[in-house]
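Enquirer: Build the 3D model from these lines:
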Amino acid sequence: MRIRTTAAVSGVLALSAFAAPTVYAADDSSNGIATSPQWAAVTAGTGPSAFGAATTADATGPDVFFSGMKVNGGKPIVVGASKKRTVSVTYKLTHAADVDITDEDFANGPFLYLKSVPASLEDTLENPVLFGDEAASCTATSATTANCKALIDIRPANGELVNAYAKNWKAGGLAIQFDGDAANMGETWQGGLGTVKLQREARLTGANAAPEPVKKGRTLTVTSKLTRANWETNKFPAYGGQAVKLQFKKKGTSVYKDVKTVKSSSTGALKTTVKATVDGTYRYVFAGTSTTAAVTSAADAVDVK
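Expert: Model (predicted):
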(Lines give C-alpha, C1' and ligand atoms only; values in the text may rest on other atoms or scores of the structure.)
Protein backbone atom coordinates (compact mmCIF):
# COMPACT_ATOMS: atom_id res chain seq x y z
CA MET A 1 0.00 0.00 0.00
CA ARG A 2 2.18 2.78 -1.30
CA ILE A 3 1.87 6.25 -2.76
CA ARG A 4 4.93 7.38 -4.65
CA THR A 5 5.43 11.14 -4.94
CA THR A 6 8.19 13.54 -5.82
CA ALA A 7 6.48 16.87 -5.33
CA ALA A 8 2.79 16.59 -6.13
CA VAL A 9 0.94 13.35 -6.57
CA SER A 10 -2.56 12.40 -7.54
CA GLY A 11 -2.16 8.98 -6.09
CA VAL A 12 -3.61 5.71 -5.00
CA LEU A 13 -2.44 2.59 -3.28
CA ALA A 14 -0.34 -0.06 -4.96
CA LEU A 15 -1.74 -2.99 -3.05
CA SER A 16 -2.86 -6.45 -3.97
CA ALA A 17 -5.98 -5.98 -1.86
CA PHE A 18 -6.76 -2.56 -3.36
CA ALA A 19 -7.71 -1.22 -6.76
CA ALA A 20 -5.03 -0.07 -9.16
CA PRO A 21 -5.64 3.40 -10.59
CA THR A 22 -2.83 5.65 -11.81
CA VAL A 23 -0.23 7.65 -9.91
CA TYR A 24 0.89 11.01 -11.26
CA ALA A 25 3.87 13.02 -10.08
CA ALA A 26 4.77 16.56 -11.12
CA ASP A 27 8.20 18.11 -10.83
CA ASP A 28 8.52 21.16 -8.58
CA SER A 29 12.10 22.41 -8.51
CA SER A 30 11.08 25.32 -6.27
CA ASN A 31 10.67 22.79 -3.49
CA GLY A 32 14.12 21.37 -4.06
CA ILE A 33 12.82 18.24 -5.77
CA ALA A 34 15.68 16.66 -7.69
CA THR A 35 13.88 13.62 -9.08
CA SER A 36 12.28 13.63 -12.55
CA PRO A 37 8.51 13.89 -13.07
CA GLN A 38 6.92 10.46 -13.19
CA TRP A 39 3.71 9.33 -14.84
CA ALA A 40 3.38 5.69 -14.02
CA ALA A 41 0.58 3.20 -13.73
CA VAL A 42 0.55 1.39 -10.40
CA THR A 43 -0.34 -2.26 -10.79
CA ALA A 44 -1.53 -4.62 -8.11
CA GLY A 45 0.58 -7.62 -9.07
CA THR A 46 0.20 -9.74 -12.18
CA GLY A 47 -3.52 -10.35 -11.77
CA PRO A 48 -6.52 -8.08 -11.24
CA SER A 49 -7.19 -6.46 -7.89
CA ALA A 50 -9.44 -8.31 -5.48
CA PHE A 51 -11.71 -5.30 -5.83
CA GLY A 52 -11.60 -5.06 -9.60
CA ALA A 53 -11.10 -1.60 -11.09
CA ALA A 54 -12.86 0.56 -8.52
CA THR A 55 -11.63 4.14 -8.65
CA THR A 56 -14.44 6.29 -7.23
CA ALA A 57 -14.31 7.35 -3.59
CA ASP A 58 -17.49 7.33 -1.54
CA ALA A 59 -18.35 10.26 0.70
CA THR A 60 -18.46 8.02 3.76
CA GLY A 61 -15.67 5.70 4.88
CA PRO A 62 -15.80 2.74 7.27
CA ASP A 63 -16.45 3.60 10.91
CA VAL A 64 -13.02 2.81 12.38
CA PHE A 65 -10.52 4.40 14.74
CA PHE A 66 -6.74 3.86 14.91
CA SER A 67 -4.81 4.12 18.19
CA GLY A 68 -1.58 3.08 19.91
CA MET A 69 0.41 3.21 16.68
CA LYS A 70 4.09 2.41 17.01
CA VAL A 71 6.37 2.74 13.98
CA ASN A 72 9.73 0.93 13.88
CA GLY A 73 9.56 0.28 17.61
CA GLY A 74 9.81 4.00 18.28
CA LYS A 75 13.28 4.20 16.74
CA PRO A 76 14.37 6.47 13.86
CA ILE A 77 14.06 4.97 10.38
CA VAL A 78 17.50 4.92 8.78
CA VAL A 79 17.42 4.68 4.99
CA GLY A 80 20.38 3.99 2.74
CA ALA A 81 21.07 5.35 -0.72
CA SER A 82 19.19 2.79 -2.78
CA LYS A 83 18.27 -0.35 -0.82
CA LYS A 84 14.61 -0.92 0.05
CA ARG A 85 13.88 -0.23 3.71
CA THR A 86 10.98 -2.00 5.39
CA VAL A 87 9.80 -1.07 8.88
CA SER A 88 7.20 -2.66 11.14
CA VAL A 89 4.11 -0.91 12.46
CA THR A 90 1.71 -2.05 15.17
CA TYR A 91 -1.55 -0.47 16.31
CA LYS A 92 -5.05 -1.07 17.64
CA LEU A 93 -8.06 -0.83 15.34
CA THR A 94 -11.47 -0.08 16.86
CA HIS A 95 -14.48 -0.42 14.58
CA ALA A 96 -18.25 -0.25 14.62
CA ALA A 97 -20.10 -3.52 15.17
CA ASP A 98 -21.37 -3.49 11.59
CA VAL A 99 -17.85 -3.25 10.11
CA ASP A 100 -16.52 -6.69 9.19
CA ILE A 101 -12.75 -6.36 9.13
CA THR A 102 -12.44 -9.91 7.77
CA ASP A 103 -14.52 -9.05 4.69
CA GLU A 104 -12.55 -9.22 1.44
CA ASP A 105 -13.90 -5.77 0.58
CA PHE A 106 -12.25 -4.18 3.64
CA ALA A 107 -8.58 -3.34 4.12
CA ASN A 108 -6.54 -1.00 6.29
CA GLY A 109 -2.96 0.02 6.90
CA PRO A 110 -0.62 2.71 8.24
CA PHE A 111 1.07 5.55 6.37
CA LEU A 112 3.61 8.31 6.98
CA TYR A 113 3.11 11.92 5.88
CA LEU A 114 4.95 15.22 6.21
CA LYS A 115 2.38 18.00 6.39
CA SER A 116 -1.32 17.27 5.97
CA VAL A 117 -3.44 14.14 5.96
CA PRO A 118 -4.80 13.28 2.47
CA ALA A 119 -8.55 13.65 2.05
CA SER A 120 -8.77 10.84 -0.49
CA LEU A 121 -6.67 8.48 -2.56
CA GLU A 122 -7.10 10.68 -5.62
CA ASP A 123 -6.09 13.93 -3.95
CA THR A 124 -3.22 15.88 -5.41
CA LEU A 125 -0.67 15.81 -2.61
CA GLU A 126 1.87 18.55 -2.08
CA ASN A 127 3.96 16.44 0.26
CA PRO A 128 4.99 12.78 0.13
CA VAL A 129 3.03 9.95 1.69
CA LEU A 130 4.62 6.55 2.33
CA PHE A 131 2.69 3.29 2.60
CA GLY A 132 3.51 -0.38 2.70
CA ASP A 133 3.09 -2.76 -0.21
CA GLU A 134 0.46 -4.83 1.58
CA ALA A 135 -2.53 -4.20 3.81
CA ALA A 136 -2.28 -4.81 7.55
CA SER A 137 -2.88 -8.17 9.19
CA CYS A 138 -5.32 -7.82 12.09
CA THR A 139 -6.32 -10.21 14.87
CA ALA A 140 -9.63 -9.59 16.62
CA THR A 141 -9.44 -9.05 20.37
CA SER A 142 -13.16 -8.41 20.77
CA ALA A 143 -16.24 -7.89 18.62
CA THR A 144 -15.13 -4.32 17.86
CA THR A 145 -11.35 -4.24 18.38
CA ALA A 146 -8.31 -5.81 16.78
CA ASN A 147 -4.54 -5.71 17.08
CA CYS A 148 -2.89 -5.03 13.74
CA LYS A 149 0.56 -5.50 12.27
CA ALA A 150 1.81 -3.97 9.05
CA LEU A 151 4.90 -2.90 7.14
CA ILE A 152 5.88 0.38 5.51
CA ASP A 153 8.17 0.00 2.50
CA ILE A 154 10.53 2.77 1.41
CA ARG A 155 12.41 2.64 -1.90
CA PRO A 156 14.92 5.49 -2.34
CA ALA A 157 16.07 4.00 -5.64
CA ASN A 158 12.56 4.56 -7.06
CA GLY A 159 12.63 8.29 -6.40
CA GLU A 160 10.42 8.15 -3.31
CA LEU A 161 12.77 10.34 -1.27
CA VAL A 162 14.81 13.50 -1.66
CA ASN A 163 17.39 14.63 0.88
CA ALA A 164 15.10 17.32 2.28
CA TYR A 165 12.77 14.58 3.52
CA ALA A 166 15.23 13.64 6.29
CA LYS A 167 13.11 14.98 9.13
CA ASN A 168 10.24 14.05 11.43
CA TRP A 169 7.28 12.36 9.72
CA LYS A 170 3.78 11.92 11.13
CA ALA A 171 1.97 8.61 11.34
CA GLY A 172 -1.58 7.91 10.21
CA GLY A 173 -3.99 5.14 9.36
CA LEU A 174 -6.22 4.47 6.34
CA ALA A 175 -9.19 2.12 6.03
CA ILE A 176 -11.03 1.35 2.80
CA GLN A 177 -14.40 -0.33 2.28
CA PHE A 178 -15.66 -1.23 -1.18
CA ASP A 179 -19.35 -1.65 -1.92
CA GLY A 180 -20.80 -4.92 -3.11
CA ASP A 181 -20.24 -4.44 -6.82
CA ALA A 182 -16.77 -2.88 -6.40
CA ALA A 183 -17.92 0.27 -8.19
CA ASN A 184 -17.29 2.65 -5.30
CA MET A 185 -15.26 2.76 -2.16
CA GLY A 186 -15.33 4.61 1.13
CA GLU A 187 -12.13 5.90 2.72
CA THR A 188 -11.37 6.77 6.32
CA TRP A 189 -8.16 8.73 6.89
CA GLN A 190 -6.80 9.45 10.37
CA GLY A 191 -3.62 11.36 11.18
CA GLY A 192 -1.81 12.53 14.29
CA LEU A 193 -0.96 9.02 15.47
CA GLY A 194 2.63 9.82 16.40
CA THR A 195 5.89 10.87 14.81
CA VAL A 196 9.01 9.10 13.60
CA LYS A 197 12.32 10.47 12.39
CA LEU A 198 13.52 9.56 8.90
CA GLN A 199 17.33 9.71 8.66
CA ARG A 200 19.97 9.29 5.97
CA GLU A 201 22.36 6.40 6.57
CA ALA A 202 26.00 7.24 7.33
CA ARG A 203 28.99 4.93 6.84
CA LEU A 204 32.51 4.84 8.21
CA THR A 205 35.19 2.70 6.63
CA GLY A 206 37.06 0.51 9.08
CA ALA A 207 39.62 2.39 11.16
CA ASN A 208 43.19 1.79 10.02
CA ALA A 209 46.06 2.42 12.43
CA ALA A 210 49.50 2.31 10.84
CA PRO A 211 52.24 1.24 10.95
CA GLU A 212 51.63 -2.14 12.57
CA PRO A 213 53.29 -3.42 14.64
CA VAL A 214 54.65 -0.21 16.13
CA LYS A 215 57.33 0.52 18.69
CA LYS A 216 56.29 2.11 21.95
CA GLY A 217 56.50 5.90 21.80
CA ARG A 218 56.32 6.03 18.01
CA THR A 219 53.60 7.80 16.06
CA LEU A 220 50.51 6.02 14.77
CA THR A 221 48.35 7.43 12.00
CA VAL A 222 44.68 6.45 12.25
CA THR A 223 42.48 6.90 9.18
CA SER A 224 38.90 6.29 8.04
CA LYS A 225 36.30 7.88 5.76
CA LEU A 226 32.80 9.21 6.45
CA THR A 227 30.08 9.04 3.79
CA ARG A 228 26.33 9.61 3.79
CA ALA A 229 23.40 8.39 1.70
CA ASN A 230 22.22 10.76 -1.00
CA TRP A 231 18.61 9.85 -1.84
CA GLU A 232 18.68 11.91 -5.01
CA THR A 233 21.75 10.26 -6.59
CA ASN A 234 21.36 6.89 -4.83
CA LYS A 235 25.04 6.97 -3.84
CA PHE A 236 27.15 7.43 -0.70
CA PRO A 237 29.22 10.59 -1.29
CA ALA A 238 31.69 12.11 1.15
CA TYR A 239 30.29 13.73 4.28
CA GLY A 240 32.72 16.52 5.04
CA GLY A 241 33.01 19.00 7.88
CA GLN A 242 31.71 16.60 10.52
CA ALA A 243 33.13 16.07 14.00
CA VAL A 244 34.03 12.42 14.55
CA LYS A 245 35.53 10.98 17.73
CA LEU A 246 38.57 8.73 17.75
CA GLN A 247 38.31 6.19 20.57
CA PHE A 248 40.76 3.70 22.08
CA LYS A 249 40.20 0.52 24.10
CA LYS A 250 43.16 -0.86 26.01
CA LYS A 251 43.78 -4.58 25.53
CA GLY A 252 42.14 -6.62 28.27
CA THR A 253 39.45 -4.00 28.94
CA SER A 254 35.93 -3.59 27.58
CA VAL A 255 35.45 0.19 27.54
CA TYR A 256 36.39 2.59 24.76
CA LYS A 257 37.59 6.04 25.80
CA ASP A 258 37.65 9.21 23.73
CA VAL A 259 41.07 10.18 22.45
CA LYS A 260 40.29 13.24 20.33
CA THR A 261 37.80 14.74 17.92
CA VAL A 262 38.68 14.78 14.23
CA LYS A 263 36.83 16.74 11.53
CA SER A 264 36.17 15.01 8.22
CA SER A 265 37.69 16.66 5.15
CA SER A 266 35.77 17.69 2.02
CA THR A 267 36.41 14.17 0.72
CA GLY A 268 35.12 12.64 3.95
CA ALA A 269 38.64 11.59 4.99
CA LEU A 270 39.51 11.23 8.67
CA LYS A 271 43.17 11.30 9.59
CA THR A 272 45.00 11.97 12.83
CA THR A 273 48.09 10.88 14.74
CA VAL A 274 48.53 9.45 18.23
CA LYS A 275 51.45 8.16 20.24
CA ALA A 276 51.67 4.39 20.63
CA THR A 277 51.77 3.43 24.30
CA VAL A 278 50.01 0.10 24.90
CA ASP A 279 48.27 -2.66 22.94
CA GLY A 280 44.64 -1.97 22.12
CA THR A 281 42.13 -1.08 19.42
CA TYR A 282 41.15 2.19 17.76
CA ARG A 283 37.82 3.12 16.21
CA TYR A 284 35.96 6.20 14.96
CA VAL A 285 32.49 7.16 16.20
CA PHE A 286 30.15 9.59 14.47
CA ALA A 287 27.33 10.73 16.78
CA GLY A 288 25.01 11.63 13.91
CA THR A 289 22.87 14.72 13.32
CA SER A 290 19.15 15.41 13.19
CA THR A 291 19.11 14.27 9.55
CA THR A 292 21.84 11.63 9.60
CA ALA A 293 22.16 8.46 11.65
CA ALA A 294 25.03 7.70 14.01
CA VAL A 295 27.64 5.15 12.97
CA THR A 296 30.71 3.44 14.43
CA SER A 297 33.60 2.13 12.36
CA ALA A 298 35.09 -1.31 12.61
CA ALA A 299 38.00 -1.29 15.06
CA ASP A 300 41.68 -1.88 14.31
CA ALA A 301 43.89 -3.65 16.84
CA VAL A 302 47.42 -2.36 17.38
CA ASP A 303 50.38 -4.38 18.69
CA VAL A 304 52.84 -2.12 20.50
CA LYS A 305 56.33 -3.56 20.84
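Enquirer: can you pull up the bridge partners for the nearest residue to residue 203 once chain neighbours are set aside?
Expert: Of all residues not flanking residue 203 in the chain, residue 227 sits nearest, at 5.0 Å (C-beta to C-beta, 6 or more residues apart in numbering). C-betas here are computed from N, CA, C, even on glycine. Counting by DSSP bridges, residue 227 is bridged to residue 203, residue 238.
Enquirer: hang on, residue 227 packs against residue 202?
Expert: Yes. The criterion here is C-beta atoms under 8 Å, and residue 227 meets it with residue 202 at 7.0 Å.
Enquirer: In terms of neighbours, single out the busier of these two.
Expert: Higher neighbour count among residue 227 and residue 202: residue 202, with 24 against 21, using other C-beta atoms under 10 Å.
Enquirer: Next, the residue nearest to that one when sequence neighbours are not counted: phi, psi?
Expert: Among residues not flanking residue 202 along the chain, residue 295 sits closest, at 4.5 Å (C-beta to C-beta, 6+ apart). Per-residue torsions, residue 295: phi -160, psi 150 (degrees, to the nearest 10).
Enquirer: Run through the residues that contact residue 295.
Expert: Taking C-beta atoms under 8 Å, 6 or more residues apart in numbering as the criterion, residue 295 is in contact with 201-204, 226, 285-286, 288.
Enquirer: who wins for neighbours among those?
Expert: residue 226 (28 neighbours).
Enquirer: and the gap between it and residue 132?
Expert: 32 Å (C-beta to C-beta, to the nearest Å).
Enquirer: Next: residue 68.
Expert: As for residue 68, its distance to residue 132 is 18 Å (criterion: C-beta to C-beta).
Enquirer: Which one of those two is surrounded by more residues?
Expert: residue 132 (24 against 13).
Enquirer: Can you give me the pLDDT of that one?
Expert: pLDDT recorded at residue 132 is 90.
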